[in-house]
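[1] here's a sequence, model it:
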Amino acid sequence: MDDRQGELSIGRESDVIVVRQTVRKITKLLGMGLTDTTRVVTAASELARNIFLYAESGVMRWNVIDTPGSQGIELVFIDQGPGIPDIGQAMQEGYTTSKGLGMGLPGSRRLVDEMEIVSAVGKGTTVTIKKWNRRS
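    Got it, this is the predicted structure:
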């Protein structure tokens, strides 16, 4: 496995565990601290779980980002599911389309440095998150 970039399929609940393990391995490679590692692993877990629950299958792509003076991790979650009709509403605390707590997307946003959501009803959703290494 190339530690700097790659792709994982998400189609079973057990794939969420593999996503967590992979992200933890990459953050260790980057030398991220425990707090930042926990944050990005938690966000990745939530987004992978969303793919499994709402779209049934998708992928997580990862890429180590190197810019002058900083390094981080970019995770892209892609599915061909039902899409999100109102991203603004989906980002509100407590909003849920299931019986969950409504913390998935807004909770994930709070845990990372950058987040972008692109979605089309009936076509799918792409969520990109970035976490910068505060130790680099």
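
[2] show me the shaky parts of the protein.
    1-2, 95-103, 135-136 (pLDDT under 70).

[3] centroid-nearest residue for it?
    Centroid-nearest residue in the chain: residue 44, 3.6 Å away (criterion: C-alpha atoms, centre = their mean).

[4] thought it was touching residue 73?
    No. Look at residue 44 against residue 73 with C-beta atoms under 8 Å: they stay out of range, at 9.2 Å. C-beta: built from backbone N, CA, C; applies to glycine.

[5] what sits in contact with each of the two?
    Residues touching both residue 44 and residue 73 by C-beta atoms under 8 Å, 6 or more residues apart in numbering: residue 23.

[6] which helix or which strand is home to residue 76?
    Per DSSP states H and E, residue 76 falls inside strand 70-79.

[7] buried set for that strand?
    71-79 (16 or more other C-beta atoms under 10 Å).

[8] same question for stretch 27-42.
    Buried-residue list, stretch 27-42, by 16+ other C-beta under 10 Å: 27, 30, 32, 36-37, 39-42.

[9] no further queries at this time; thank you.
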